[in-house]
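>>> Sequence isn't available, so here's the structure alone:
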């Protein structure tokens, strides 16, 4: 039975393993990590808030001229976020972010809100933090998609903490509009996570998703059957993934 149910609880328990996977295979999710900055057309001189930021992985894929603020409620992740010049970090709940109104040109949120138990309040904070005309981008697993089934079925079975993600559908449009955002658009975007070989794919996903009840062969089989893989010409392997991209704007 599931013992934890919030982003803070989940990643306080397994954030170190998640971060280790991201460090050991830093290129595995490169396509995904670049997705929101590209879709939001973030340019030099703009300030981007990344929330929840995890270990600040998006920052590696930004131009040095983009100012970056990482926000995460989990101490294990906060300590890993970049804090050098032009990069800053804040350790606070997502529904009570310790930054002034109209701080950001862009707020980006990658694959963390399906564990957020106070989503309307979080979206309200994102609205508050955006300057007039600022852009919000959310990339999340879509309800009913192959990644949703993989996470809430396969990962749930093989993770001793379980996995009960509350994935996104077009109901998010009403939540964003209620928070004061406009021009909401939704798009399903196919992606690939890339690895040197199937063994690396198994080790990465085991650590990332905390699958402490599955062996490598079990994980490879689960990925092949539920998500699908593609062998590349150089012998590496690409794991199929997809995300729902949600873009919105704060009125001028």
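In hand now; what should we look at? All figures in this text were calculated on a predicted structure; none of them were measured in a lab.
>>> I'd like the distance from the residue lying closest to residue 103 once chain neighbours are set aside to residue 43, if you could.
Nearest residue to residue 103 in three dimensions, chain neighbours excluded: residue 129, at 5.1 Å (CB to CB, 6 or more residues apart in numbering). Heads up, the C-betas are built off the backbone N, CA and C, glycines and all. Residue 129 sits 18 Å away from residue 43, going by CB to CB, to the nearest Å.
>>> So residue 190 lies in a helix, does it not?
No: judged by DSSP: H, G, I helix; E, B strand; the rest coil, residue 190 forms no part of a helix; its state is strand.
>>> pretty sure it is touching residue 244, no?
No: Residue 190 lies out of contact with residue 244 (CB atoms under 8 Å); the separation is 11.3 Å.
>>> residues contacting residue 52?
7, 71, 72, 73, 74, 77, 94, 109, 112, 113 (CB atoms under 8 Å, 6 or more residues apart in numbering).
>>> Quick check: the third one touching residue 51?
Yes: using CB under 8 Å as the test, residue 72 is close enough to residue 51 to be in contact (7.3 Å).
>>> Of the two, give the one with the bigger neighbour count.
Neighbour count, other CB atoms under 10 Å: between residue 72 and residue 51, residue 72 has more, with 29 against 26.
>>> Run through the bridge partners of that one.
The partner list for residue 72 in beta bridges (DSSP bridges) reads residue 91.
>>> CSV for the contacts of residue 52, including pLDDT?
Converted to CSV, the contacts of residue 52 look like this (pLDDT from 0 to 100):
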residue, pLDDT
7, 93
71, 98
72, 97
73, 96
74, 96
77, 96
94, 97
109, 98
112, 96
113, 97
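>>> Okay, and which of these map to helices?
7, 77 (DSSP state H).
>>> Of the contacts of residue 52, which is the most crowded?
residue 72 (29 neighbours).
>>> quick one, what contacts that one?
51, 52, 53, 54, 78, 81, 89, 90, 91.
>>> now with 7 Å?
Neighbour list for residue 72: 52, 53, 54, 78, 81, 91 [criterion: CB atoms under 7 Å, 6 or more residues apart in numbering].
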